[in-house]
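S.K.: Dropping the sequence and predicted coords here.
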Amino acid sequence: MSLFADPAEIKTLFTRQDGSYAFARWGRPIAPIVFGVDDATLQTVKGAVEAVVTLAGHQMAETDPELGSNLMFFFFRDWAELLDVPDLDRMIPDLAPLVERLNKADAAHYRAFRFDDQNAIQAAFVFIRIAGAAAKQPAEDLALSQAVQIMLMWGDQAFATKSPLALMPGQNSAVLRPEIAGVIAAAYDRMMPSFADDSSHALRLFARLQAPIVNQS
């Protein structure tokens, strides 16, 4: 059974602030790389990505044939540090104004996507400032939350008021909410498109959540 009452609840997960519907999933295996952390945290981040990829029935890879790594995580303490990363301004257009805007907003994180000619996700960049609440959050929870949010292109406000994770009684670390896990699995069903801009796509996701999901790679 679905944990969503109706398709409208799924639609909101992929609706932008302007009211348009926009969905995309990865169109190629994910090859992650992590900057700015120790080896233990690196393995935590990669483990979180692998767990969500496995849930989706998608694939991981050591390298991407075009980009080398197509999922990049950057951990840092000050947004200005990004301006010193070699060639980052070539991957992120208008990097300096973006850094200024994020710094003024005291933002904790930022994600950027690239898309292929089929509008599927081709690459993603995740920037995480380790300060304030993020500095106190367990590495496992932070990594899992970010892995979930790069697995699909979600709407602007999808997790603005409710995290994709939930803390289970008696556990120290959070787990992925089952309804969000279901959406990810359904979104990667082989019969579903890698891109959609029509809200009827939410109806198809909802229908798949009424029965067990079977992924075939």
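M.R.: Sure, I can see it.
S.K.: Quick check: next helix or strand after the helix or strand bottoming out on mean pLDDT in the chain?
M.R.: Across the helices and strands of the chain, the lowest-confidence element by mean pLDDT, DSSP states H and E is helix 133-136, at a mean of 72. Toward the C-terminus, helix 133-136 is succeeded by helix 139-151 as the next helix or strand (DSSP states H and E).
S.K.: helices or strands up against that following helix?
M.R.: Contact here means 3 or more CB pairs under 8 Å, 6 or more residues apart in numbering; DSSP states H and E; on that basis helix 139-151 packs against helix 39-56, strand 109-115, strand 121-129, strand 165-167, strand 174-176, helix 178-187. Every residue, glycine included, has its C-beta placed from N, CA and C.
S.K.: ok, and the closest non-adjacent residue to Gly182?
M.R.: Leu209 (5.0 Å; CB to CB, 6 or more residues apart in numbering).
S.K.: Tell me how many other residues crowd that neighbour.
M.R.: If you count neighbours by other CB atoms under 10 Å, Leu209 ends up with 20.
S.K.: Ok, Arg204 next?
M.R.: 19.
S.K.: where does this protein dip in pLDDT?
M.R.: 1-2, 133-134, 170, 211-217 (pLDDT under 70).
S.K.: Check it and tell me which residue is nearest its centre.
M.R.: Residue closest to the mean C-alpha point of the chain, counted by CA atoms, centre = their mean, is Ile150 at 1.6 Å.
S.K.: In TSV, list the helices and strands packed on helix 139-151 along with distance to Gln137.
M.R.: Output for these, formatted as TSV (distance: least, CB to CB, whole Å):
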stretch	distance to Gln137
helix 39-56	12
strand 109-115	11
strand 121-129	10
strand 165-167	10
strand 174-176	9
helix 178-187	18
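S.K.: Same list, the ones you listed, but as CSV with mean neighbour count and distance to Phe75 please.
M.R.: Putting these into CSV (neighbours: other CB atoms under 10 Å; distance: least, CB to CB, whole Å) gives the following:
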stretch, mean neighbour count, distance to Phe75
helix 39-56, 18, 8
strand 109-115, 15, 10
strand 121-129, 21, 5
strand 165-167, 15, 19
strand 174-176, 18, 19
helix 178-187, 21, 24
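S.K.: looking at those, which is closest to Ala135?
M.R.: strand 121-129 (9.0 Å; CB to CB).
S.K.: tell me the angle of that closest one relative to strand 109-115?
M.R.: Counting by axes from the mean of the first three to the mean of the last three CA atoms, to 10 degrees, strand 121-129 points 170 degrees away from the direction of strand 109-115.
S.K.: packing partners for strand 121-129?
M.R.: Using 3+ CB pairs under 8 Å, 6+ apart, strand 121-129 sits against strand 71-76, strand 109-115, helix 139-151.
S.K.: Run through who's touching the shortest one.
M.R.: With contacts defined as CB atoms under 8 Å, 6 or more residues apart in numbering, strand 71-76 is touched by 30-37, 41, 45, 49, 82, 85, 123-130, 146, 150.
S.K.: Please apply the same query to stretch 190-200.
M.R.: Outside stretch 190-200, the residues touching it (CB under 8 Å, 6+ apart) are 11, 14-15, 20-27, 115, 118-121, 186, 201, 204-205, 208, 215-217.
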